[in-house]
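J.: Whatever this is, show me its structure:
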Amino acid sequence: MHAQRVTVTVHASDPLSRAGVASHLRHQPAVQLVEQPADGEPAAEGSVAVVLLDQVDEASAAELRKISRGGAQRIVLIARELREPELLTVVEHGVRAILWRQDATEQRLLKAVQSAARGEGELPPDLISRLLVQVGRLRRTTAAGEAGGTGAALPLFGMATREVDVVRLIAEGLDTRQISEKLAYSERTVKNILHALMTRLQLTNRAHAVAYALREGYI
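T.: Below is the predicted model of the structure:
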């Protein structure tokens, strides 16, 4: 029995860029490439939208909101670069996985599409590293400016220790099976931890959970 193919649409303002990405996916047996839904027409449930962006601005954020409306489509973003505030923006608008444009080979794109379809997604390791440095700097600045050391306190309804452990490993690029082996949890336990965290904090996906943990200083 063959695994179900992932339905994919490609979104780009530049027709040549769109054609290039489509050519990577068109002959993949695991992918069914389709045209973008017409305005007002719902996307297929569980489908993936591959979006190319040169920069994150109000127009591109609006486009991401439009694509992710209703929650049926999961987004793989191909970007030239992203800063921390832009990362938070894109994951809050449904982005499940991010690829740098220069790294978007056929196999990496297919892997990102399949990860997004499973609801897992991924972030580039160098992006995680830069964010850790930036967030650490922000935390030190905030702590130095606050009296009584209150900046070190965990927020109410924040993240439990085992939730932090799981999200830190996601940020390092591990999948569910690898996380379960690393922490000696079952895969079901890892999934339950993530589901409870995302439900409680209203996080949309794993990338959003990583961004939240970075922003709040947990990792």
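J.: I figured residue 106 hits residue 24, correct?
T.: Yes - with contact defined as C-beta atoms under 8 Å, residue 106 counts as touching residue 24 (4.4 Å). (Glycine included, C-beta is placed from N, CA and C.)
J.: tell me which element residue 98 is part of?
T.: Applying DSSP states H and E as the criterion places residue 98 in strand 95-100.
J.: helices and strands around that strand, which ones?
T.: Contacts defined by 3 or more C-beta pairs under 8 Å, 6 or more residues apart in numbering; DSSP states H and E place strand 95-100 against strand 74-79, helix 106-117, helix 206-215.
J.: quick one: which of those is nearest residue 196?
T.: In this view, these are compared for proximity to residue 196 by C-beta to C-beta, and helix 206-215 is the closest at 11.2 Å.
J.: The chain: strands as residue ranges?
T.: For the chain, the strands defined by DSSP state E cover 6-11, 31-33, 48-53, 74-79, 95-100.
J.: Walk me through which strands the second one pairs with, and which way each runs.
T.: When you say that, I think you mean strand 31-33. strand 6-11 (parallel) (DSSP bridges).
J.: Burial check on residue 74, number of neighbours?
T.: 27 (other C-beta atoms under 10 Å).
J.: Correct me if wrong: it contacts residue 115.
T.: No - the criterion here is C-beta under 8 Å, and residue 74 misses it with residue 115 at 9.3 Å.
J.: still on that earlier bit, now do the strand holding residue 98 against helix 106-117, angle only.
T.: Angle between the axes of strand 95-100 and helix 106-117 is 160 degrees (criterion: axes from the mean of the first three to the mean of the last three C-alpha atoms, to 10 degrees).
J.: Which residues does strand 95-100 contact?
T.: 48, 51, 64, 74-82, 87, 90, 108-109, 112-113, 115-116, 119-124, 127, 205-207 (C-beta atoms under 8 Å, 6 or more residues apart in numbering).
J.: Adding mean pLDDT and distance to residue 190, write the strands of the chain out as TSV.
T.: Output for the strands of the chain, formatted as TSV (pLDDT from 0 to 100; distance: least, C-beta to C-beta, whole Å):
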stretch	mean pLDDT	distance to residue 190
strand 6-11	92	23
strand 31-33	90	27
strand 48-53	92	23
strand 74-79	91	19
strand 95-100	86	17
